[in-house]
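J.: Predicted model, plus sequence, below.
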Amino acid sequence: MERRSIGIVMNGVTGRMGYRQHLLRSILGIRERGGLRLADGTVLWPEPVLVGRSEAKLRELAERHGLTEWTTDLAEALARPGTEIYFDAQVTSARVDAIRAAVAAGKHVYTEKPTAEGLADALALARLAEEAGVKHGVVQDKLFLPGLLKLKRLVDGGFFGRILSVRGEFGYWVFEGDWQEAQRPSWNYRDEDGGGIILDMFCHWRYVLEGIVAPLRSVQVLGATHIPERFDEDGKPYQATADDAAYGIFELDGGIVAQINSSWTTRVFRDELVEFQVDGTEGSAVAGLRRCRVQHRSMTPKPVWNPDLPATEDFRSQWQEVPDNADFDNGFKTQWEMFLRHVAEDAPFPWDFYAGARGVQLAELALRAWREGRRLEVPELSR
Ligand SMILES: NC(=O)c1ccc[n+]([C@@H]2O[C@H](COP(=O)([O-])OP(=O)(O)OC[C@H]3O[C@@H](n4cnc5c(N)ncnc54)[C@H](O)[C@@H]3O)[C@@H](O)[C@H]2O)c1
């Protein structure tokens, strides 16, 4: 069996996403399974070159996983023979310059979202990559969550009849960082460092709503910085200048209304950290990261409002679990495999930098809608 190595410059692998989901679960996951078998029988073998700012962290990380290639010099990594792909999971604000350098070096590029902090930069990157003739892709991991795959299956199978509305609830309490360490990095709470929950999450909501339900028509949002002071990684207080919660309403094709709350300042009374309820004329579903439950119209109870009595029905128990009917792998890994096939054998990969720009477009519109207190149309993006 022929084996073909493919060098991947991985920048930001000391970070939360770069390490756990991309290096550990995806690239090393693929190696643990013996590489990625291509259509012609060749086995593609990813060879990561770790890039970051701290020599000590990179060395430790490489040693921990038996890897030998790492550097703090991005230009040097991009110049190494055999490197064909650049991957970026750095802080968002460092992304555009690094991707520009990678495209200039002729690399195919795969990146975390958002592709840029603003639409102009996101579109410029897409055009740059297209003109350079390199392949480009953006992480859209939520589409690969088992719960959302099952939801998509229901939509495709016509379960809902006419979809009326979507209600999404995303969030959990992120500690302020004083008496308990924060579980997210401090830059997330500083606008000047590319933080904010709208920029972080609305990229996801764009492809989730459009990939599963229907194209977006308009957006209105009320954002908030509920916690104005937090404590950073060194325990020092700082002003939280970015939004930590956003309450959004979206209009979709067909008169569908979606409401999504995104919050780092709420406590979870749900089964999963994100849940979407979709209501349709024929039935409803509640999908989370892994689970998806349904209620068909024929199984819908007829509650009567009576505040004088305790609840007479156990509403939660009246829903049915949608079966897996498939093996669900880690979504980040699945998407990596698709991007690798896209590079190595020209397999289709729909989530290019233009898809990334659509996410950034929604985030930018949402921030404007909030600031101006208006509902804004979501215009078509010209390539
Ligand atoms: N797809 C998803 O579900 C998802 C989830 C979380 C974050 N993300 C995205 O992944 C990216 C990284 O987020 P994270 O939560 O892993 O962040 P993190 O703070 O844990 O990691 C950031 C990485 O960037 C590097 N870096 C480069 N320049 C830096 C600078 N000037 N300041 C600080 N760090 C710098 C750090 O060394 C580190 O490796 C972001 O763009 C974020 O939007 C995606």
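T.: Sure, I can see it. Quantities reported herein were computed from a predicted structural model and do not represent experimental measurements.
J.: what's the nearest residue to residue 1 once chain neighbours are set aside in contact with, if anything?
T.: Using CB to CB, 6 or more residues apart in numbering and skipping the chain neighbours, the partner closest in space to residue 1 is residue 43 (5.8 Å). To be clear about C-beta, it is placed using only N, CA and C from the backbone, and glycine gets the same treatment. Applying CB atoms under 8 Å, 6 or more residues apart in numbering, we find residue 43 in contact with 1, 2, 3, 4, 34, 35, 36, 37.
J.: partner residues bridging residue 43?
T.: On the basis of DSSP bridges, residue 43 takes part in beta bridges with residue 3, residue 37.
J.: what's the answer for residue 320, then?
T.: Under the criterion used here (DSSP bridges), residue 320 is bridged to residue 294.
J.: Could you shift the numbering so residue one becomes 3, and keep it that way?
T.: All right, first residue 3 from here; so that's residue 322.
J.: so who does the residue in the chain positioned nearest to the ligand touch?
T.: In the chain, no residue comes nearer to the ligand than residue 17, which is 2.1 Å away by CB to the nearest ligand atom. Residue 17 makes contact with 91, 92, 93, 187, according to CB under 8 Å, 6+ apart.
J.: just wondering, since we're on the last one, how far is it from residue 3?
T.: In this structure, residue 187 and residue 3 are separated by 42 Å, where distance is defined by CB to CB, to the nearest Å.
J.: Could you spell out which stretches of this structure belong to which domain?
T.: 5-140+333-353, 147-329 (automatic domain parsing).
J.: Just the mean pLDDT for the shortest one, thanks.
T.: If I follow you right, that is domain 5-140+333-353. Taken as a whole, domain 5-140+333-353 has a mean pLDDT of 98.
J.: Do me a favour and get the end-to-end distance for that domain?
T.: Distance between the two ends of domain 5-140+333-353: 27 Å, counting by CA to CA, to the nearest Å.
J.: Residue 374 is nearest to which of the domains of the chain?
T.: Nearest of those to residue 374, taken as CB to CB: domain 147-329 at 10.0 Å.
J.: can you tell if that closest one touches the ligand?
T.: Yes: interface with the ligand: domain 147-329 contributes 187, 189, 202 (CB under 6 Å from any ligand atom).
J.: now swap in stretch 112-132 and tell me
T.: Yes: contact of stretch 112-132 with the ligand (CB under 6 Å from any ligand atom) involves 114, 115.
J.: All the helices of the stretch 103-252 of the chain, in order from the start?
T.: Assigned by DSSP state H, counting those that start in this stretch, the helices in the stretch 103-252 of the chain fall at 121-134, 148-158, 199-210.
J.: what's the most buried one of these?
T.: Among these, helix 199-210 has the highest mean neighbour count (mean count of other CB atoms under 10 Å), at a mean of 26.
J.: With adjacent residues omitted, what lies nearest to residue 18?
T.: Using CB to CB, 6+ apart, the closest residue to residue 18 is residue 187 (7.1 Å).
J.: Next: residue 24.
T.: Per CB to CB, 6+ apart, closest to residue 24 is residue 91, 5.6 Å.
J.: Next: residue 137.
T.: Once flanking residues are discounted, residue 137 sits nearest to residue 110: 4.1 Å by CB to CB, 6+ apart.
J.: Is that neighbour bridged to anything, and to what?
T.: residue 87.
J.: just residue 168 next, same as before
T.: Bridge pairing for residue 168 - DSSP bridges - gives residue 260, residue 280.
J.: show me what contacts it?
T.: With CB under 8 Å, 6+ apart, residue 168 has these contacts: 211, 215, 254, 258, 259, 260, 261, 262, 278, 279, 280, 281.
J.: Show the buried residues in those residues.
T.: The neighbour-count criterion (16 or more other CB atoms under 10 Å) marks 211, 215, 254, 258, 260, 262, 278, 280, 281 among these as buried.
J.: need those in a markdown table with pLDDT, can you?
T.: Formatted as a markdown table, the buried ones among the contacts of residue 168 follow (pLDDT from 0 to 100):
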| residue | pLDDT |
| --- | --- |
| 211 | 98 |
| 215 | 98 |
| 254 | 98 |
| 258 | 98 |
| 260 | 98 |
| 262 | 98 |
| 278 | 98 |
| 280 | 99 |
| 281 | 99 |
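J.: This completes my enquiry, with thanks.
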